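*Asks:* 3D, please:
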Amino acid sequence: MQGCFLGCLGNLVFHITGRVLCQLEPCGAVEVDQAVQAAKQAFGHWSKMSGMERARIMIEAARIIESRTNEIVEMEVVNNGKSITEARVDVDCSRLCIEYYAGLAGTLAGQHVQLPGGSFAYTRREPLGVCVGIGAWNFPFQIATWKSAPALACGNAMVFKPSPVTPVTAVMLAEIYAKAGVPEGLFNVVQGGQETGSILCHHPDVAKVSFTGSVPTGQKIMAMASKGIKPVTLELGGKSPLLIFEDSDLENAVKGALMANFLSQGQVCNNGTRVFVQKAILPEFVEEVVKRTRAIEIGDPLLESTRMGPLVNRPHLNKVLSFVDQAKKEGATVLCGGEPYVPSDSKLNNVFSHFVMVLQTISPCNCTDEMTCVKEEIFGPVMSVLPFETEEEVLQRANDTTLGLAGGVFTRDVMRAHRVVEQLKAGFCSINNYNIIPVEVPFGGFKMSGIGRENGQVTIEHYSQLKTVFVEMGDVDSLF
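*Replies:* Numbers count the residues shown, from 1 in each chain. Have a look, this model is predicted:
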């Protein structure tokens with residue numbers, strides 16, 4: 001039961017050239033139940049192992065990932081379309097994630113509380129059982145490790161459903177865990193879309209659901225999990241602000257804005273797509289951003305020189321382009337890009353295209369914060385540049401959103417930097433950099449951007465439950 005249920009009908013999986021790689025059959029109720037029951041059986045053995053025993057197996061999984069890095073990286077590029085340079089970073093971060101939680105596996109402990117009369121109480125941190133992980137298509141392999149590593153470290157089993165758009169590399173992770181020595185069935189991969197996810201969320205033997213994806217889908221998952229009072233971790237969308245003050249190091253601010261918008265073709269939930277720039281430096285900032293944007297190497301993502309590959313598929317490209325068209329209609333000025341990219345390499349003629357765009361909003365008559373491109377998550381390489389004058393003004397505008405995943409500030413004033421991030425209503429904030437997310441620190445959002453955290457030590461609390469035990473050392477003092 002370890003691994004993936006594959007079929008030859010159903011969802012098509014495409015290569016970056018548009019060629020069909022394989023066909024997958026979505027898992028139904030029978031296959032999902034098989035996966036859950038296998039995980040439940042494996043949980044019985046895994047949960048009884050010591051943390052150090054689990055850690056040794058997880059360390060071996062990390063070692064296998066390191067030894068197979070090139071293979072996994074190339075498949076991730078084919079799976080998703082991101083550049084091979086970025087995919088290499090993703091795979092290495094995945095290895096580090098497993099190593100990090102392997103290190104925490106042996107540290108799980110409770111607390112002793114001394115009480116009057118020699119009585120005492122203690123707490124135990126216990127695993128939940130079979131957890132479900134539902135991944136997104138922008139970081140397929142990395143998200144699978146972000147969810148499985150803390151779950152396994154705490155003694156849980158996991159059934160993981162990758163996005164049907166990028167189903168391949170999660171299966172490789174299942175193979176790696178199996179080879180490292182986890183019990184058969186402990187980490188299972190099931191393929192499918194919304195219906196498969198619904199079956200997983202409603203399954204009575206599932207103890208927890210962790211989901212990464214859109215806000216509407218997250219709302220549905222939360223509602224489904226609530227029927228069984230199951231805890232959820234939701235890492236959802238964002239429309240994050242990046243605040244660049246006039247005293248910033250302009251070189252770093254420009255590089256930070258590019259990283260905040262164009263990483264993984266702009267398909268990153270925490271991207272800082274609302275770039276607020278203080279008016280004094282706006283012309284210089286825009287000029288430099290446009291120059292560097294035009295210089296981005298676009299092409300075959302398997303080439304080391306490529307810095308931006310294709311968007312994940314044609315429907316998503318069309319969706320992003322529709323946002324661009326709407327922005328133009330509402331008065332935004334396109335400074336560069338805006339059209340589907342035509343590759344010079346003939347083998348990429350059928351590619352699902354790529355393009356880069358900067359939308360500038362300079363004057364009130366040109367664009368406002370109420371524009372669709374500024375308010376809604378585009379999930380593509382589209383940067384909106386907005387001017388501001390005062391700190392108070394920009395903070396009000398930055399927080400004027402129902403989302404709150406991330407935020408950033410560039411300034412040389414250390415007092416301003418901390419003052420501003422304190423007031424940003426976002427779960428992950430950066431000072432003088434952006435899109436740096438070490439596995440050692442928690443990641444997650446405020447407001448409609450999610451519940452719970454991934455990464456960091458706090459995630460142990462989201463994959464375990466606390467039991468309190470009271471011990472009486474004297475006679476019972478009864479009122480009856």
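*Asks:* for the residue nearest to A327 when sequence neighbours are not counted, give its distance to K239.
*Replies:* Distances taken as Cβ to Cβ, 6 or more residues apart in numbering put C373 closest to A327, at 3.9 Å, once the chain neighbours are dropped. Any C-beta I mention is one placed from the backbone N, CA and C, and that applies to glycine too. Distance, C373 to K239, using Cβ to Cβ, to the nearest Å: 10 Å.
*Asks:* counting by contacts, list what the helix or strand the residue nearest to A327 falls within packs against.
*Replies:* C373 belongs to helix 372-375 when assigned by DSSP states H and E. Using 3 or more Cβ pairs under 8 Å, 6 or more residues apart in numbering; DSSP states H and E, the elements in contact with helix 372-375 are helix 314-329, strand 382-388.
*Asks:* and the first one, what's buried?
*Replies:* Under the neighbour-count criterion of 16 or more other Cβ atoms under 10 Å, helix 314-329 has 314, 316-317, 320-321, 323-324, 327 buried.
*Asks:* now do that helix, average pLDDT.
*Replies:* Helix 314-329 carries an average pLDDT of 89.
*Asks:* repeat for the shortest one
*Replies:* In this model, strand 382-388 has an average pLDDT of 93.
*Asks:* list the contacts of that strand.
*Replies:* By Cβ atoms under 8 Å, 6 or more residues apart in numbering, the residues outside strand 382-388 that reach it are 243, 257, 261-262, 266, 273-279, 282, 285-286, 289, 293, 320, 323-324, 327, 332, 357-362, 367, 369, 371, 373-374, 394, 397.
*Asks:* pull the number of nearby residues for the closest residue to G427 other than its chain neighbours.
*Replies:* Leaving aside its chain neighbours, G427 sits nearest to G445 (4.2 Å; criterion: Cβ to Cβ, 6+ apart). Using other Cβ atoms under 10 Å, G445 has 26 other residues around it.
*Asks:* residues touching G445, list them.
*Replies:* G445 makes contacts with 235-236, 238, 403-406, 426-428, as judged by Cβ under 8 Å, 6+ apart.
*Asks:* try 7 Å
*Replies:* 235-236, 238, 404-405, 426-427 (Cβ atoms under 7 Å, 6 or more residues apart in numbering).
*Asks:* now swap in P442 and tell me
*Replies:* Neighbouring residues of P442 by Cβ under 7 Å, 6+ apart: 453, 455-456, 458-459.
*Asks:* over to V275?
*Replies:* Applying Cβ under 7 Å, 6+ apart, the residues contacting V275 are 242, 244, 257, 383-386.
*Asks:* can you count the residues close to V421?
*Replies:* Using other Cβ under 10 Å, V421 has 16 other residues around it.
*Asks:* show the pLDDT at it.
*Replies:* With respect to pLDDT, V421 scores 98.
*Asks:* how about the nearest residue to it, chain neighbours excluded?
*Replies:* Nearest residue to V421, sequence neighbours excluded (Cβ to Cβ, 6+ apart): C429, at 4.3 Å.
*Asks:* what do you get for T145?
*Replies:* S94 (4.0 Å).
*Asks:* now do T123
*Replies:* In this structure, T123 finds its nearest non-sequential neighbour in G110, 3.8 Å apart by Cβ to Cβ, 6+ apart.
*Asks:* what number of residues lie near that neighbour?
*Replies:* Look at G110: counted by other Cβ under 10 Å, it has 15 neighbours.
*Asks:* how about the helices in the stretch 101-250 of the chain?
*Replies:* 140-153, 168-180, 194-202, 215-226, 250-262 (DSSP state H, counting those that start in this stretch).
*Asks:* mind listing what the residue nearest to T123 touches?
*Replies:* Each residue near G110 by Cβ under 7 Å, 6+ apart is listed here: 122-125.
*Asks:* tell me the predicted confidence for Q2.
*Replies:* Predicted confidence (pLDDT) for Q2: 39.
*Asks:* buried stuff in stretch 388-402?
*Replies:* 388, 391, 394-395, 397-399, 401.
*Asks:* can you spell out the domain ranges of the chain, please?
*Replies:* Domain segmentation of the chain under automatic domain parsing yields 3-236+462-468, 241-431.
*Asks:* closest to I437 out of those domains?
*Replies:* domain 241-431 (7.2 Å; Cβ to Cβ).
*Asks:* start to end distance for the closest one?
*Replies:* End-to-end distance of domain 241-431 (Cα to Cα, to the nearest Å): 12 Å.
*Asks:* picking up where we left off before, weakest of the domains of the chain by average pLDDT?
*Replies:* Confidence, taken as mean pLDDT, is least for domain 241-431 of the domains of the chain (a mean of 89).
*Asks:* that one: how far from the chain's middle?
*Replies:* Distance of domain 241-431 from the chain centroid (Cα atoms, centre = their mean, to the nearest Å) equals 18 Å.
*Asks:* what helix or strand is the residue nearest to D369 when sequence neighbours are not counted located in?
*Replies:* Nearest residue to D369, sequence neighbours excluded (Cβ to Cβ, 6+ apart): R397, at 5.7 Å. Taking DSSP H and E as the definition, R397 sits inside helix 391-398.
*Asks:* show residues contacting that helix.
*Replies:* Applying Cβ under 7 Å, 6+ apart, the contact partners of helix 391-398 are 241, 243, 276, 369, 388, 407, 416, 420, 423-424.
*Asks:* just these: which are in strands?
*Replies:* Under the assignment DSSP state E, the contacts of helix 391-398 contribute 241, 243, 276, 388, 407 to strands.
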